[in-house]
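>>> Next comes the sequence, and after it the predicted model I'd like to discuss.
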Amino acid sequence: MSIVAGLAAAWLASRASTRSPAGALVGALRAEAVKIGVALLLAWVVLANYPQVVVAAFLGTFVVTMLVFAMAFFVRDY
């Protein structure tokens, strides 16, 4: 889910108008909103289609993976 949401955000961010700093910021914020929306939509699809899923474990893993993918920006490659 996190990968698909990240790909959707990257696709939308690449289409943003970067003619000004404000345009770049709006594009990045819009891409982040789409990322969160896609991730929540996919989480709902999983919960709706798999009644045997352990909800607490699934949601915990979902939150951790979203945080890991969000924090990957701050990791420096040495």
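The structure has been received and is ready for your questions.
>>> which SS state does residue 18 fall under?
Under DSSP: H, G, I helix; E, B strand; the rest coil, the three-state class of residue 18 is coil.
>>> What sits closest to residue 36 if chain neighbours are left out?
Spatially, and ignoring its direct neighbours in sequence, residue 36 is nearest to residue 5 (7.5 Å; C-beta to C-beta, 6 or more residues apart in numbering). Every residue, glycine included, has its C-beta placed from N, CA and C.
>>> so what does the helix or strand containing the one you found touch, helix or strand wise?
Using DSSP states H and E, residue 5 sits within helix 2-14. In this structure, helix 2-14 packs against helix 21-49, helix 55-71, with contacts taken as 3 or more C-beta pairs under 8 Å, 6 or more residues apart in numbering; DSSP states H and E.
>>> is it possible to export the ones you listed to JSON lines including mean neighbour count?
Conversion of these to JSON lines gives the following (neighbours: other C-beta atoms under 10 Å):
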{"stretch": "helix 21-49", "mean neighbour count": "14"}
{"stretch": "helix 55-71", "mean neighbour count": "12"}
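>>> could the ones you listed go into a markdown table alongside mean pLDDT?
Conversion of those to a markdown table gives the following (pLDDT from 0 to 100):
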| stretch | mean pLDDT |
| --- | --- |
| helix 21-49 | 87 |
| helix 55-71 | 88 |
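>>> Quick one: these as a markdown table, columns for distance to residue 13 too.
What follows is the helices and strands packed on helix 2-14, written out as a markdown table (distance: least, C-beta to C-beta, whole Å):
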| stretch | distance to residue 13 |
| --- | --- |
| helix 21-49 | 4 |
| helix 55-71 | 14 |
